[in-house]
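**Student:** only geometry, no sequence info:
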């Protein structure tokens, strides 16, 4: 005895199975939405990086309450230094909490060290950080290197 199956119900069954399989794959294999927003981020650029690209521009994504650390090559023996205070476009989103200079642990005279800025994210939104590597005296080379970073901050549970 053979039973004739209704073609539509068989098709519906297969589509339901296919849909469930796709849903399971996307749920199991996709990272959670908030995974791209990190709690703490460090951005470091060497002197070689700036020689190759004197005007750096980039972006990062952080969670509210996160810490951003920016570490840039600096060589005081050349008369150049970075801006001590970063230009921040939206201080309601991001605030600078520290700036310090770290000497290189090298015995070479004139070796480069690093300058370090620490920022804290305070609210959801987008802000930019701008720093210039210049000779601070009148007539000195201005904006020899520049650092521009867009910071996107989101709330994350």
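**Tutor:** Thanks, I have the structure now. Values in this document were obtained by computation on a predicted structure and should not be read as measured data.

**Student:** contacting residues around the helix or strand hosting residue 128?
**Tutor:** Taking DSSP states H and E as the criterion, residue 128 maps to strand 125-134. Strand 125-134 is contacted by residues 50, 70, 72, 74, 80-83, 86-94, 117, 119, 140-153 when judged by CB atoms under 8 Å, 6 or more residues apart in numbering. C-beta: built from backbone N, CA, C; applies to glycine.

**Student:** low-confidence bits of the protein, can you list those?
**Tutor:** For the chain, residues meeting the criterion pLDDT under 70 lie at 1-35, 105-106, 157.

**Student:** output the longest strand belonging to it.
**Tutor:** strand 55-74 (DSSP state E).

**Student:** what residues sit buried inside that one?
**Tutor:** 56, 60-64, 66-68, 70-74 (16 or more other CB atoms under 10 Å).

**Student:** name the next helix or strand downstream of that strand, please.
**Tutor:** For strand 55-74, the succeeding helix or strand toward the C-terminus, using DSSP H and E, is strand 81-82.

**Student:** returning to what we had before: just the buried residues of the contacts of strand 125-134.
**Tutor:** Among these, the ones that count as buried by 16+ other CB under 10 Å are 50, 70, 72, 74, 80-83, 86, 88, 93-94, 117, 119, 145-147, 149, 151-153.

**Student:** beta-bridge partners for the most centrally placed residue in the chain, please?
**Tutor:** In the chain, the residue lying closest to the centroid (CA atoms, centre = their mean) is residue 60, at 2.1 Å. Note on residue 60: beta-bridge partners by DSSP bridges are residue 151.

**Student:** cool, the one 10 residues further on as well?
**Tutor:** As for beta bridges, residue 70 partners with residue 43, residue 117 under DSSP bridges.
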